[in-house]
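Asks: How does the following fold in three dimensions:
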Amino acid sequence: MPNRTIYYDLPLPLPEEYYDLAVVNEVTEKTDAQLKANADAVAALAEQVAELAKLEEVSAVLEELQAAAAENTSQIATLWDAVFSDITGNPFSVAFSSLAGVKVTGGVYNKAQKRLEC
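Replies: Now for the predicted structure:
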């Protein structure tokens, strides 16, 4: 009766035993089955790695889109404020040294400040 290997329970013939083709066939079949199981496991892991790589790519694109959306939201808010907010002050100023040649239809000319106040 042969000894057996620890991990795959393959037969280990004793020194006094004769060569037995059945033992060789048993070892070959078990080795073949384990190699196939290992190859299938590697293929399954390769598929999982490929799926993870796709998820990482999608995640990177999503982060870029979120950053672009945040930037656009900020720019839209700035434009909204500029166009639709109540104007409570003078959004621009024009300085005159005199009113010669200017027809004023409203406001008051502040001669000391050299400006038209509306």
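Asks: Give me the residue ranges of this structure where confidence is low.
Replies: Applying pLDDT under 70 to the chain flags residues 1-2, 87-96, 99.
Asks: Going along the chain, name the helices of it.
Replies: Remark: helices assigned in the chain by DSSP state H are 21-84.
Asks: Just give me the neighbour total for Q34.
Replies: By other C-beta atoms under 10 Å, 13 other residues sit near Q34. (Glycine included, C-beta is placed from N, CA and C.)
Asks: ok, the nearest residue to it once chain neighbours are set aside - contacts?
Replies: Leaving aside its sequence neighbours, Q34 sits nearest to Y8 (C-beta to C-beta, 6 or more residues apart in numbering; 6.1 Å). Taking C-beta atoms under 8 Å, 6 or more residues apart in numbering as the criterion, Y8 is in contact with 30-31, 34.
Asks: do you know how far Y8 is from A41?
Replies: 15 Å (C-beta to C-beta, to the nearest Å).
Asks: Kindly report the same for E63.
Replies: Distance, E63 to A41, using C-beta to C-beta: 33 Å.
Asks: ditto for E51
Replies: Taken as C-beta to C-beta, the span from E51 to A41 is 16 Å.
Asks: Repeat that for E117.
Replies: Distance, E117 to A41, using C-beta to C-beta: 84 Å.
Asks: Q34 now?
Replies: Note on Q34: its distance to A41, by C-beta to C-beta, is 10 Å.
Asks: same question, P15
Replies: Where A41 is concerned, P15 sits at a distance of 36 Å (C-beta to C-beta).
Asks: cool, and A77?
Replies: Counting by C-beta to C-beta - A77 and A41 are separated by 53 Å.
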